[in-house]
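Participant: model this:
(2 chains)
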Amino acid sequence: MFNIVNKKGIFLSIAALLIVVSIVSLVFQGFNLDTDFAGGLALTYQIDKEFTVSDVQSIVDNALGNDQSPSSIQQSGNEVIIKFGFDNKLETDEARSDFAMAKVAAITSALEEMYGEKTEATAEENPAEGETTDETTEEKPEVTVKGVVLKNQDIVSPSTGRELAKSAVMMSILACIAILLYVTFRFEFTSGVVAILALVHDVVILLGVYSILQWSVDTNFIAAILTVLGYSINNTIVIMDRIRENTRHARKETYGEIANKSIWQTLNRSINTTITTLLTIGMVYILGVPSIKAFSLPIIIGICVGFYSSVFVAGTLWAFWKDSAVKSKKA
Amino acid sequence: MSRSLVKFVAIILVIAALFYVGLYGLDISDSVRFPGILDEDGITQGLDLKGGTVIVYKAQTDNPSDDDMNTVVSMLRTRLDGQGYTEAVLTRQGTDKVRVELPDVQDAQKAVETLGATAQLSFKDPSGAEVMSGKEVKNATAEYGQTQQGMASSSYYISLELTEEGRQKFSVATGELAGKPEGQNFIAITMDENILSMPRVQQKIDSESCVITGEFTPEEAKALAANIKSGQLPFSLEQVEVRTVSATLGDEALINAVKAGIIGLILVLVFMLLIYRLQGLMANFALIGYIAIVFIILANLHINLTLPGIAGIILSIGMAVDANVVIFERIKEELRLGKTVRSSVDAGFNRALSAVIDSNITTIISAVILYFLGTGTIKGFGITLFIGIILSMLSAIFITKFLIKQIIGMNVKNPWFYGVKKNEEIGTAKGGKA
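Facilitator: Numbers count the residues shown, from 1 in each chain, chains lettered A, B, ... in the order given. So this is what the prediction gives:
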C-alpha cells in the first residue's frame, strides 16, 4: 500500500506551490471582474440574422460615437453580449443609470434597424401610447420588430460590486468559523484547524485559477465558492471521522500510520462520491446556458481541488501536526 | 420471506406514489389539493427563469433608520400596486437598499422612473413660494373626462381631495392670486421639481377638491395619482442595479437545466448499480424517493426557484448518494472481514452514521449562511441546498436501510449482490487476521 502520509513532502509542496502561485497572481493580476462586480452595463441580444462581432462593433460605434466604445463585445451562437464600464465622470448612481438607459435605447434601435424585420402591429391594446419620454414625442405608427431580442440587460452601480464582495468575504469567514467550532466540538481543535486549512487551500486555488486565466467573475461565482466550501469539507470530515475511529482502537501505531490507513479506507468512497457529483454538475455544465455554465465551472474545479486537499493534504497535515506535538513533548 | 417481500413492494409503491404526486399533484377534494411541479401553480419561478426586471434602490442618505426603510418599502408597495404591478416582490437588502422584483416586466425604464421618485408634491405661486404641499392632499385619483366646460376633447387628469387645512391654504392663496395681473396669476404644481401643470387662477377657489391637468397618458395619470396618494418618501432613492431578463432566456435555461438533471440522474443511477449492485439498486430507489419529496416540497411550500437553485438540486442528486456510498463502502469492508451479510449491513450503517451526520452538518452550516446572508439568486441556492442535504441524508439512512433489511429478509445473502467478490471476501478475511 502506497504511503500517502510518508510522501508528505511531495503532496504538501504541490499544495503550497499552487497556493503561492495563486496568491501571486491574485496580488499582481487580480480578477477580471464582470459587470456584477466592476459595475457597468451588460446587454445580451439575440440576433436571428448572421452577424460578426466587428459588424456589431461598428453598428454600436455609429450609434453612440467612437468615444463611447463598449469595453467588450462577445458572440456566443446567435447571441451577442455588449458590455460597458462606467465613466469616472459619472458621479451619482442616477447619472450612471441615465447614461446606461440612453445607451440601451440607442443600441437597440440601431441593431433593430440593421437586423430586425419590421411588421406593422395589428390594433395594439394601448390607445394613448404617445408620450413616453420627452425626446421621442414624434408620433410613430406602432411597429414591432422581430429578429432582434434584448434578452438580458444589467445595469449595476460600482458600489454594488464592492458590497457584494464584502458580503461574500463575510459569508466565507462566518462559514469557516462556524465549521471550525463544529469540528472542534465534534472532533478536536487540530482536526478543525486542518479542515479549515484544507478549505482555504481549495478556495485560494479556485480563486487563483480564475485570476491566472483571467476568467470573468460574477455573483454566481460567489455562490459557487460557498458551495465548494460546503462540499469539500464533506470529504475532509469523512476522513477525519475515520481517523477519529482508528485513533480510538490504535495501540502503538503512529499518527502517520493511522492517517494513512484512514485515507486508504475511505479512498473508494472519496473517489465514488466525487464521480457521482461530477456526473451531475458536469451535465449541468455541458447543457447549461452561459450563466449556468459560469456557475457550474468553478464548482467542478472546486470539487477536483477539494478531492486533492481532502485525500492528500488534510490527513497528512493532521499527522504532521500530531507527530510534531508528540516530539516536542518528548524533547 | 413473504413478509419482507410485502414490505419491500409496499415501500416501492409508496415511492412510486410520492413520485406521481410530486409530478402531477394530489386532489383530495375540490378545495383541498396539493400541486405537483408540473402543475401551473406548482413551481414559483424566480425572476431569472420567468423573465422580468429587478431594480435595487439605494437610499440617498447616510445610515437611514430601520423605520424609514420599512416606510420606504411599504410606500413602494403602495406605488407598485397603484401602477398595477401587483405581483412585485419587495425585499430589504442590507441596511440601505430595497430590492424590487417585477415578474414579467420587460420595460425597465418605465418602472424605474416613477418608482424611485421622492414624490414631493408642491403648489407654488409665481414667486416660487410654496402655498401648499402634498401633505394637505387627502386623496388622489386618476380620472378621465372634460376638465373644463366647453373643451372639445376629454383627457386624463388627476383629481385631488384636500384636507381642511389644505382647503384653507388653497383658498387664501387663490384669493390673493386672482387679483394679480395676467402672467402672475398662476399656481405651479410640481412633483420633484418637475412642473406638472400651471393653471391660471381667475377667482378665489374655496373647495375641497382640485384637479391637475396635463397631457397625461392613462398610465402616467395613474402612476402620478398613486405616488401622490402614497405620500412622500423620507429620502430619495437611486437605482444601483437594474436587470432585465427576457422570458425566452428563462425558458431556454429551464429546459436545459431539466435535461441536464435527467441525464445526470440516469448517469448516477447507472453508476450506483454498476458499483454497488443490489445495494446500489436500493440506493437508487431511495434517491428517486428523495427526488419525489423534493418535488413535493418545491411545489407546496412555494419556494422561489432560481437557476442556481435548480443547479443546487441537481448537485444535490450527486451528493445525495454520498451518504449511501459512505455506508456501502463500510458494509463492503465488514463483508471482507468475513462477517455475515446481516451483521455487515448492521455494522456498516452504525459505523458510517457519524461520518454521514458530521459531514452533512458542515455542509448545512454553509447552506444556512448562504440563505440568511445571501441575496437574490444566492439565497435561492441556499434554500435548495439546505432542503437537499437534509432530505438526502434522511432518505439515504432510512429508506435505503429499510429496503436492504427487506432483501436480507428475502434471503438474498450472496455477498456478490453487495458488491464484494466471493474470493475477495475470503482472501481479505484471512489477510486481515494475519
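Participant: hey, where'd the helices end up in chain A?
Facilitator: Assigned by DSSP state H, chain A shows helices spanning A:8-28, A:35-38, A:53-64, A:93-115, A:158-186, A:189-212, A:219-249, A:255-287, A:290-308, A:315-330.
Participant: Quick one: closest of these to B:Ala173.
Facilitator: Closest approach to B:Ala173 among the helices of chain A (C-beta to C-beta): helix A:93-115, 32.3 Å. For every residue, glycine as well, the C-beta is placed using N, CA and C.
Participant: in the closest one, what's buried?
Facilitator: For helix A:93-115, burial by neighbour count (16 or more other C-beta atoms under 10 Å in any protein chain shown) applies to A:93-94, A:96-97, A:99-101, A:103-104, A:106-108, A:110-112, A:114-115.
Participant: wait, which of the helices of chain A is closest to B:Ala178?
Facilitator: Smallest distance to B:Ala178 across the helices of chain A (C-beta to C-beta): 39.0 Å, for helix A:93-115.
Participant: the inter-axis angle of that closest one versus helix A:53-64?
Facilitator: Orientation check (axes from the mean of the first three to the mean of the last three C-alpha atoms, to 10 degrees): helix A:93-115 against helix A:53-64 gives 120 degrees.
Participant: helices and strands around helix A:93-115, which ones?
Facilitator: strand A:40-47, helix A:53-64, strand A:79-84, strand A:148-156, helix B:108-116, strand B:237-245 (3 or more C-beta pairs under 8 Å, 6 or more residues apart in numbering or on different chains; DSSP states H and E).
Participant: In JSON lines, list these along with distance to B:Gly145, mean pLDDT and mean neighbour count.
Facilitator: Formatted as JSON lines, these follow (distance: least, C-beta to C-beta, whole Å; pLDDT from 0 to 100; neighbours: other C-beta atoms under 10 Å in any protein chain shown):
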{"stretch": "strand A:40-47", "distance to B:Gly145": "42", "mean pLDDT": "86", "mean neighbour count": "22"}
{"stretch": "helix A:53-64", "distance to B:Gly145": "42", "mean pLDDT": "84", "mean neighbour count": "16"}
{"stretch": "strand A:79-84", "distance to B:Gly145": "46", "mean pLDDT": "86", "mean neighbour count": "21"}
{"stretch": "strand A:148-156", "distance to B:Gly145": "38", "mean pLDDT": "82", "mean neighbour count": "23"}
{"stretch": "helix B:108-116", "distance to B:Gly145": "23", "mean pLDDT": "69", "mean neighbour count": "20"}
{"stretch": "strand B:237-245", "distance to B:Gly145": "33", "mean pLDDT": "82", "mean neighbour count": "24"}
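Participant: Export those to a markdown table and append columns for distance to A:Val228.
Facilitator: Below are the helices and strands packed on helix A:93-115 laid out as a markdown table (distance: least, C-beta to C-beta, whole Å):
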| stretch | distance to A:Val228 |
| --- | --- |
| strand A:40-47 | 25 |
| helix A:53-64 | 33 |
| strand A:79-84 | 26 |
| strand A:148-156 | 24 |
| helix B:108-116 | 33 |
| strand B:237-245 | 25 |
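Participant: Of these, which is nearest B:Asp62?
Facilitator: Evaluated over the helices and strands packed on helix A:93-115, closeness to B:Asp62 peaks at strand B:237-245, with 13.6 Å, by C-beta to C-beta.
Participant: thinking again about what came up before, turn the helices of chain A into TSV, including distance to B:Thr163.
Facilitator: Shown next, in TSV, are the helices of chain A (distance: least, C-beta to C-beta, whole Å):
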stretch	distance to B:Thr163
helix A:8-28	61
helix A:35-38	47
helix A:53-64	49
helix A:93-115	32
helix A:158-186	40
helix A:189-212	60
helix A:219-249	47
helix A:255-287	59
helix A:290-308	51
helix A:315-330	73
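Participant: Among the helices and strands packed on helix A:93-115, which comes closest to B:Ile228?
Facilitator: helix B:108-116 (11.6 Å).
Participant: And the next helix or strand past that closest one?
Facilitator: Using DSSP states H and E, the helix or strand that follows helix B:108-116 towards the C-terminus is strand B:121-124.
Participant: So what touches that following strand?
Facilitator: By C-beta atoms under 8 Å, 6 or more residues apart in numbering or on different chains, the list of residues contacting strand B:121-124 from outside reads B:130-134, B:137, B:170, B:173, B:187-191, B:228, B:232.
Participant: Between these, which sits nearest chain A?
Facilitator: Chain A has its nearest neighbour among those in B:Met191, at 14.8 Å by C-beta to the nearest C-beta.
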